[in-house]
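[1] This is a predicted model, with the sequence first.
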Amino acid sequence: MKKNLLIILPLVILFAGFACAFAVNNQLSKKNVSAETKGGIMDTDKKILIAYFSWGGNTKSVAEKIQKSTGGDMFRIETLIPYPKDYNETAYGVAKEQHDKGIKPELKENCDISNYDIIFVGTPAWWYTMAPAVMTFLSENNFEGKTIVPFITHGGGGEYSIAKEMGELSKASKVLKSFAVYEDGGADIQNKVDGWLKELK
């Protein structure tokens, strides 16, 4: 019986060693495949926040696509006093007045960004710049050492110099390549978002 144990025990240990090595190699293989499939900022282990302001839903839609690919936390930037539901009242009334007078509206609530490393900041392009609520968000938080990733929705005018302005408001941060789309980006928006994310390092 003892002789049999002496023969079997080394074989069990040897087999366990092979099994462990196989499991580790298999895990590494899966990791490599995942990295190739994802790529760019989607592979980071840093904590991600997606903060966005959306009036008509376009910026919200893009934010959701970013969240789907990165797994980041979402924060919707909202003003304490809501904008009118009528487009003309908002665009040519309240928003224009805020733009012309440099008003940064009070927010409904703020977000503690201290635990986040990468912060996607989304805005519609309003009067050649970001929405005033986003200016408030950037002005009221400390972005020192953070990475800012701008994304912009627009009605045909493009992103203007919004990314640069975000960098100026979020002092001591690093600003990565921005992403801009017309309205909600269309049917292939997820592919567009993923392509952009893969370019971000």
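    Nice, I can see it.
[2] Residues touching the helix or strand that residue 166 is a member of, excluding its own?
    Element membership of residue 166, judged by DSSP states H and E, is helix 162-169. For helix 162-169, the surrounding residues in contact (Cβ atoms under 8 Å, 6 or more residues apart in numbering) are 121, 123, 125, 129-130, 134-135, 138-139, 148, 150, 152, 173, 175, 178. C-betas here are computed from N, CA, C, even on glycine.
[3] Of those, just say which sits nearest to residue 102.
    Closest approach between these and residue 102, by Cβ to Cβ: residue 135, at 8.8 Å.
[4] Next up, the contacts around the residue nearest to the closest one when sequence neighbours are not counted.
    Excluding the flanking residues, the one nearest residue 135 by Cβ to Cβ, 6 or more residues apart in numbering is residue 104, at 5.1 Å. Contacts for residue 104 were tallied using Cβ under 8 Å, 6+ apart; they are 98, 132, 135, 136, 139.
[5] What is the neighbour count of the fourth one?
    Applying other Cβ atoms under 10 Å, we find 22 residues neighbouring residue 136.
[6] same question, the second one
    Applying other Cβ under 10 Å, we find 24 residues neighbouring residue 132.
[7] immediately after the helix or strand bottoming out on mean pLDDT in the chain, which helix or strand?
    Every helix and strand in the chain was compared by mean pLDDT, DSSP states H and E; the lowest is helix 2-37, with a mean of 37. Per DSSP H and E, the first helix or strand lying C-terminal to helix 2-37 is strand 48-52.
[8] Name the strands paired with that next one and say parallel or antiparallel.
    strand 73-76 (parallel), strand 118-126 (parallel) (DSSP bridges).
[9] angle of whichever helix or strand comes after it against strand 118-126?
    Counting by DSSP H and E, the next helix or strand C-terminal to strand 48-52 is helix 58-70. Between the axes of helix 58-70 and strand 118-126, defined by axes from the mean of the first three to the mean of the last three Cα atoms, to 10 degrees, the angle is 160 degrees.
[10] Low-confidence ranges, the protein, go.
    Residue ranges of the chain with pLDDT under 70: 1-39.
[11] 80 instead, please
    In the predicted model, the chain carries pLDDT under 80 at residues 1-44, 201.
[12] Report the strands that pair with the helix or strand hosting residue 151, each with its relative direction.
    Taking DSSP H and E as the definition, residue 151 sits inside strand 147-154. With DSSP bridges as the test, strand 147-154 is paired with strand 118-126 (parallel), strand 174-175 (parallel), strand 179-182 (parallel).
[13] Could you look over those and pick the most buried one?
    Comparing the strands paired with strand 147-154 by mean neighbour count (mean count of other Cβ atoms under 10 Å), strand 118-126 comes out on top with a mean of 25.
[14] sorry, back to before: switch the strands paired with strand 147-154 over to JSON lines; also include distance to residue 41.
    Shown next, in JSON lines, are the strands paired with strand 147-154 (distance: least, Cβ to Cβ, whole Å):
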{"stretch": "strand 118-126", "distance to residue 41": "7"}
{"stretch": "strand 174-175", "distance to residue 41": "12"}
{"stretch": "strand 179-182", "distance to residue 41": "11"}
